[in-house]
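In: only geometry, no sequence info:
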């Protein structure tokens, strides 16, 4: 049996590694900049303090962020290090799952672990560096579950303590791991058909930790990440519909592994449409049937289905999470739930297999086992090919956005982000096309008009730039950056009065040093030196280190014949190594 376990483990390791081998050379995508290569705490001397104590991260996943921090020290900005790490942890998760299910449902351990390891629904998590949090959360979740089973078999309190420590590590990796708090209860039901006081007592620490972590996660998503506003203003009826649709969606994607998209189309919730209620009614009917016929139904089925619903609930649409701005579902939301979907599926068909074994002649049972082996092999090949192809979508950001648009052409976010990338690489026609496609799909996103305005400004089409910035302001009236760039455009057009007007409006919403500086420059060009100096002084108030302003102040004082102050700021400009023209140097050399 040990030899069979080694062979099974090798198959899982080698096949999974083969699937993801090409993806190890993939780059960073999506929000990897926020979490990894542009994060201030990565290079800070107080990085670990910032991560654990100062809450300087977008989301409080301190263990995951610490791994990112250590990765930066080990391999710098090379994304390959993170991709290798992700693959290794995913393989370890599959092996831990194999080991765990052998203790729970031995005959199903290998097929469940294998399918989990190679299923395309996991590609998004494994191939996306920032989703290390998912991988780590499941890793510690499985360690915690294994520790709990060890505690039950040995009665040694040290294993219960290790279970709690692993659970805390899972929560510090990603909050969705709080679902483990219900494992003691459901495991007790699985074994005995009811939950006893002992399971309730054992669950208390996990439930308390999970409750605190869950509340912190809800607060963080709303107030730190920004999951609030019109996009998240759903009624409780809307949320009930979403819970049904999202919960069944992931089961469907596991059973029918096709058409995976990084950003799925965002559903329109229609509360008055009876068809919208079918998913949640289906879920409630299944729960009712399992409850009514609990003595006839295999307890494993009830426990697994219940735990799946608990584990997917944080991402079911009931709580605000930022990605709901683009779509209510995402493959990586289901990474911690996928093992239980797969195990549930095999647990449902296993009784039929056992029944066939009992009814056919012993000599023919070998043919049944051969058929099942061939079926599993064909399924594994099909899933492996699908996963390997899917990893190519994560090669770089342009490839990712193209893959989204190919299957979800109405995705405004993919079109808008692709347009930004094309603008950066001077493919302006392609950029314009994708900005227009983004606006056609979602005409009320201010940032799209703002970035389109920047493109028009770049190519010298100032009238179109003005129209775009005005559209951005219409969508978001307090958009200070749009006012500032609108002022820049009027300045470039040679309309200083309108430029001054919009710089002042920009300062009402964005009192930024560069806006004050640009306003001062217009006043200087108009010969209004006192107004220019006032703006330059405000520049230094907004940013005392904005050294470029000193030469402008020096020239303004020179024009007003206040030579002592002019020389003072000229010296400050020299000390700051500000770029000076020969003409400016000549002016100040002649001063006594």
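Out: Received it, and whenever you're ready, just let me know what you need. Since the model is a prediction, treat every value here as computed from it, not as a measurement. Residues are numbered from 1 along each chain as shown.
In: got the contact list for the helix or strand of the chain with the lowest mean pLDDT?
Out: Least confident helix or strand, the chain: helix 582-589 with a mean of 82, by mean pLDDT, DSSP states H and E. If you take C-beta atoms under 8 Å, 6 or more residues apart in numbering as the criterion, helix 582-589 is touched by 551, 554, 555, 558, 566, 567, 570. Just so you know, the C-beta spots here come from the backbone N, C-alpha and C atoms, and that holds for glycine as well.
In: got a markdown table for those residues, with neighbour count too?
Out: Putting these into a markdown table (neighbours: other C-beta atoms under 10 Å) gives the following:
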| residue | neighbour count |
| --- | --- |
| 551 | 22 |
| 554 | 27 |
| 555 | 22 |
| 558 | 20 |
| 566 | 21 |
| 567 | 16 |
| 570 | 26 |
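In: packing partners of the helix or strand hosting residue 303?
Out: In the assignment (DSSP states H and E), residue 303 maps to helix 299-312. If contacts are counted by 3 or more C-beta pairs under 8 Å, 6 or more residues apart in numbering; DSSP states H and E, helix 299-312 sits against helix 183-192, helix 236-255, helix 278-292, helix 338-359.
In: gap between it and the chain center?
Out: Distance, stretch centre to chain centre, for helix 299-312: 26 Å (C-alpha atoms, centre = their mean, to the nearest Å).
In: then stretch 482-489?
Out: 32 Å.
In: what does it contact?
Out: Against stretch 482-489 from outside (C-beta under 8 Å, 6+ apart): 446, 449-450, 453-454, 457, 462, 465-466, 469-470, 472-473, 476, 498-503, 505-506, 509-510, 512, 514-515, 518-519.
In: let's see it at 7 Å
Out: With contact meaning C-beta atoms under 7 Å, 6 or more residues apart in numbering, stretch 482-489 is reached by 450, 453-454, 457, 462, 465-466, 469, 472-473, 499, 502-503, 505-506, 509-510, 515, 518.
In: which of those residues fall in helices?
Out: Within these, membership in helices is found for 450, 453-454, 457, 462, 465-466, 469, 472-473, 499, 502-503, 505-506, 509, 515, 518, as judged by DSSP state H.
In: what's residue 420 in contact with, if anything?
Out: Residue 420 makes contact with residue 451, according to C-beta under 7 Å, 6+ apart.
In: name the SS class of it, please.
Out: Following DSSP: H, G, I helix; E, B strand; the rest coil, the label given to residue 420 is helix.
In: next, work out how far apart it and residue 413 are.
Out: 11 Å (C-beta to C-beta, to the nearest Å).
In: next, residue 361: phi, psi?
Out: phi -70, psi 140 (degrees, to the nearest 10).
In: contacting residues for it?
Out: Listed by C-beta under 7 Å, 6+ apart, residue 361 has no contact partners.
In: now do it against residue 367, distance only.
Out: To residue 367, residue 361 is 10 Å away according to C-beta to C-beta.
In: what does residue 232 give?
Out: Per C-beta to C-beta, residue 232 is found 55 Å from residue 367.
In: who's more crowded, those two?
Out: A side-by-side neighbour count of residue 232 and residue 367, using other C-beta atoms under 10 Å, places residue 232 first with 17 against 10.
In: what about the closest residue to residue 534 other than its chain neighbours, how many neighbours?
Out: Closest residue to residue 534 apart from its sequence neighbours, by C-beta to C-beta, 6 or more residues apart in numbering: residue 520 at 7.7 Å. By the other C-beta under 10 Å criterion, the neighbourhood of residue 520 contains 26 residues.
In: can you tell me which of the contacts of stretch 482-489 are buried?
Out: Neighbour counting by 16 or more other C-beta atoms under 10 Å classes 450, 453-454, 457, 462, 465-466, 469, 472-473, 499, 502-503, 505-506, 509-510, 515, 518 among the contacts of stretch 482-489 as buried.
In: tell me where the chain is predicted with low confidence.
Out: The chain contains residues with pLDDT under 70 at 1, 592.
In: which stretches of it form strands?
Out: Assigned by DSSP state E, the strands in the chain number zero.
In: follow-up on the earlier one: among the helices and strands packed on helix 299-312, which comes closest to residue 129?
Out: Taking C-beta to C-beta, helix 338-359 is the member of the helices and strands packed on helix 299-312 nearest to residue 129, at 19.6 Å.
In: first-to-last residue distance for stretch 454-469?
Out: In stretch 454-469, first residue to last residue: 8 Å (C-alpha to C-alpha, to the nearest Å).
In: number of nearby residues for residue 110?
Out: 20.
In: how about the contacts made by it?
Out: Here residue 110 is in contact with 8, 98 (C-beta under 7 Å, 6+ apart).
In: so how far is residue 95 from it?
Out: Noted for residue 110: a distance of 11 Å to residue 95, by C-beta to C-beta.
In: with residue 565 instead?
Out: On the measure of C-beta to C-beta, residue 565 and residue 95 end up 73 Å apart.
In: who has more neighbours out of the two?
Out: Comparing residue 565 with residue 95 by other C-beta under 10 Å, the one with more neighbours is residue 95, at 18 against 15.
In: so what's residue 550 up against?
Out: 569, 572, 573, 576, 578.
In: same thing but 8 Å
Out: Here residue 550 is in contact with 569, 570, 572, 573, 576, 578 (C-beta under 8 Å, 6+ apart).
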